[in-house]
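Asks: quick one, structure for this:
(one chain, ligands or ions: 1)
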Amino acid sequence: MGTSFQDKSALVIGRPSGIARAVVEAALAEGAEVVAAGRDAQKLRDGYGDAVRAETVDVTDDASIQALAARLGPVDHVVTTASARARGLLGDLDRESLLQSFNTKVIGPAMLAKHLSITESFTLFSGVAAFKPAVGYLGVAITNGAADFLTRSLSLEMAPVRVNAISPGVIDTGIWDALGEPGKAEYFEHFRTHNPARRIGTVEDIAQAVVFAMTNRFLTGVTLRVDGGEPLT
Ligand SMILES: NC(=O)c1ccc[n+]([C@@H]2O[C@H](COP(=O)([O-])OP(=O)(O)OC[C@H]3O[C@@H](n4cnc5c(N)ncnc54)[C@H](OP(=O)(O)O)[C@@H]3O)[C@@H](O)[C@H]2O)c1
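Replies: Okay, here's the model as predicted:
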């Protein structure tokens with residue numbers, strides 16, 4: 001149990017599992033008062049119990065963001081993990097899924113920055129696809145790339161509030177389950193044997209980086225790549 005966030009408030013946007021949950025748990029362990037927000041507050045309440053305050057927000061809906069901002073008032077740290085990834089080969093991608101991806105991970109965070117009253121740090125999420133393009137991940141890559149550039153611009157506009165992004169590599173949060181058990185095992189084995197870290201990342205690896213971005217008072221405008229060195233391969 002640490003004290004990095006003693007008397008601090010932290011808003012974490014995302015589902016009550018995966019990376020968002022690890023960030024919530026890390027912030028709680030460091031003494032923060034945590035608000036978890038997502039499209040379904042009841043799901044968050046069921047997932048976290050009384051440990052956190054559950055709130056509703058849809059990051060693609062400005063009225064929803066403004067309503068959250070009014071209910072919260074000033075908040076010290078904000079982290080958004082919200083994502084609606086547009087995976088697929090170019091021939092299968094449609095405008096709607098690309099727009100939804102951008103709306104969730106790029107425009108949404110821009111509107112959060114505009115409407116919330118953030119006093120210390122804002123942490124966004126990018127992802128390894130931006131740094132290592134791969135066939136079938138065009139939509140994910142361009143969304144994450146835009147999140148990186150948004151991070152830099154926001155760090156200037158929101159100064160002295162610090163703005164950073166975390167770019168995870170392959171983390172087993174359930175998002176790879178769509179590959180099926182054998183497909184996922186093969187995919188993970190490939191990364192485990194090829195990346196310089198020789199393993200798949202954990203949600204704790206990512207939460208640790210988020211806490212660093214939230215607390216290091218000289219860090220702003222950067223994307224921390226916590227990806228096992230995957231783009232180097
Ligand atoms: N896991 C990985 O391997 C990996 C790799 C690279 C990057 N990342 C990035 O890391 C972040 C967290 O990843 P993750 O795997 O833990 O979770 P994830 O599956 O990407 O979770 C994203 C969650 O965002 C919420 N969301 C979607 N649209 C929203 C909206 N309009 N408003 C509010 N919330 C919305 C959804 O929760 P509800 O369904 O509960 O609403 C969704 O489950 C994401 O940004 C992801 O792109 C992950």
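Asks: other SSEs contacting the helix-or-strand element of the chain with minimal mean pLDDT?
Replies: The least trusted helix or strand in the chain, going by mean pLDDT, DSSP states H and E, turns out to be helix 181-194, with a mean of 94. For helix 181-194, not one helix or strand is in contact under the criterion 3 or more C-beta pairs under 8 Å, 6 or more residues apart in numbering; DSSP states H and E. C-beta coordinates here come from the backbone N, C-alpha and C atoms, glycine included.
Asks: give the buried residues for that helix.
Replies: Within helix 181-194, the residues scored as buried using 16 or more other C-beta atoms under 10 Å are Phe188, Phe191.
Asks: C-terminal to it, what's the next element?
Replies: Heading C-terminal from helix 181-194, the first helix or strand you meet, by DSSP states H and E, is helix 203-215.
Asks: chain center to that following helix: distance?
Replies: In this view, helix 203-215 has its centroid 11 Å away from the chain centroid, taken as C-alpha atoms, centre = their mean, to the nearest Å.
Asks: ok, now stretch 179-195?
Replies: Centroid displacement of stretch 179-195 relative to its chain, using C-alpha atoms, centre = their mean, is 23 Å.
Asks: and stretch 166-178, by the same measure?
Replies: 11 Å.
Asks: tell me how far the residue nearest the centre of the chain lies from the ligand.
Replies: The centre of the chain sits closest to Thr81, judged by C-alpha atoms, centre = their mean, with a distance of 2.5 Å. Using C-beta to the nearest ligand atom, to the nearest Å, Thr81 is found at 4 Å from the ligand.
Asks: who's in contact with the closest residue to Ile171 other than its chain neighbours?
Replies: Leaving aside its sequence neighbours, Ile171 sits nearest to Gly201 (C-beta to C-beta, 6 or more residues apart in numbering; 4.5 Å). Gly201 makes contact with Pro168, Gly169, Val170, Ile171, Asp172, Val226, Asp227, Gly228, according to C-beta atoms under 8 Å, 6 or more residues apart in numbering.
Asks: quick one on the thing from earlier: what comes into contact with the least confident helix or strand of the chain?
Replies: Under the contact criterion C-beta under 8 Å, 6+ apart, helix 181-194 has outside partners Gly169, Val170, Asp172, Trp176, Asp177, Leu179, Arg198, Arg199, Ile200, Gly228, Glu230, Thr233.
Asks: and the residue nearest to Ile171, how far from the ligand?
Replies: Taking C-beta to the nearest ligand atom, one finds Gly201 at 7 Å from the ligand.
Asks: equivalent analysis for Gly18, please.
Replies: Relative to the ligand, and taking C-beta to the nearest ligand atom, Gly18 is found at 3 Å.
Asks: ok, Leu224 next?
Replies: Separation of Leu224 from the ligand (C-beta to the nearest ligand atom): 12 Å.
Asks: over to Ser126?
Replies: 7 Å.
Asks: that residue: neighbouring residues, count only.
Replies: 25 (other C-beta atoms under 10 Å).
Asks: now it: phi and psi?
Replies: According to degrees, to the nearest 10, the main-chain angles of Ser126 amount to phi -110, psi -140.
Asks: enumerate every residue touching it.
Replies: Asn144, Gly145, Ala147, Asp148, Thr151, Ala165, Ile166, Ser167, Thr223.
Asks: could you dump these into JSON lines and include neighbour count and secondary structure?
Replies: Below are those laid out as JSON lines (neighbours: other C-beta atoms under 10 Å; DSSP: H, G, I helix; E, B strand; the rest coil):
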{"residue": "Asn144", "neighbour count": "27", "secondary structure": "helix"}
{"residue": "Gly145", "neighbour count": "18", "secondary structure": "helix"}
{"residue": "Ala147", "neighbour count": "26", "secondary structure": "helix"}
{"residue": "Asp148", "neighbour count": "19", "secondary structure": "helix"}
{"residue": "Thr151", "neighbour count": "24", "secondary structure": "helix"}
{"residue": "Ala165", "neighbour count": "27", "secondary structure": "strand"}
{"residue": "Ile166", "neighbour count": "27", "secondary structure": "strand"}
{"residue": "Ser167", "neighbour count": "24", "secondary structure": "strand"}
{"residue": "Thr223", "neighbour count": "23", "secondary structure": "strand"}
